[in-house]
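Undergrad: got a sequence here, can you build the structure:
(one chain, ligands or ions: 1)
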Amino acid sequence: MPIFEYACPACRKIFSFLVRNPAKPGKLCCPQCGGSRLKKIYSSFAMVHSEESRLEKMADPSFFSGLDEKNPRTLARLMRKMASETGEEMDDEMREVCARLEAGEDPEKLEAMMGGGDSGGYSRDTSGTLYE
Ligand SMILES: [Zn+2]
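TA: Residues are numbered from 1 along each chain as shown. Now for the predicted structure:
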């Protein structure tokens, strides 16, 4: 089952959500303040090499087949696949990141760029809880 990370702008926290049906995600609320303005975080996929243990727990490992962390293009392909499977439009930033990955840019550099936006100052929920 896919795990997505969402950030709550009110709490400045990042929570992990277990999404049973990525094609039809329910309305997610912040576990802390109940706010519904959660923003999806894609950075865990840009940092896929540090999230391997988490990804291994995913129900469908074939989803990540073909992912080569040394080849940014495979990461871009995965991000596009993820967007189409969840039915979510990629925003301009994501499109730019994908385009840059496909051009062979260093994912870590792009990660820093993405983190430099409004996700700055967020801290991760450290309880290890998977919310639904
Ligand atoms: Zn909140």
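Undergrad: against Cys98, how distant is Asp92?
TA: Distance of Asp92 to Cys98, given as CB to CB, to the nearest Å: 11 Å. C-betas here are computed from N, CA, C, even on glycine.
Undergrad: actually Leu75, not the one I wrote
TA: 9 Å.
Undergrad: can you check Leu130 too?
TA: Using CB to CB, one obtains 27 Å as the distance from Leu130 to Cys98.
Undergrad: and the two? Which one has more around it.
TA: Under the criterion of other CB atoms under 10 Å, the comparison of Leu130 against Cys98 puts Cys98 first, with 21 against 14.
Undergrad: what residues does this structure have near the ion?
TA: Counting by CB under 5 Å from the ion, the chain comes close to the ion at 8, 10-11, 30, 32-33, 35.
Undergrad: can you select the buried ones from those in ChimeraX?
TA: A single ChimeraX command selects the buried members of the residues of the chain next to the ion (16 or more other CB atoms under 10 Å):
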select :8,11,30
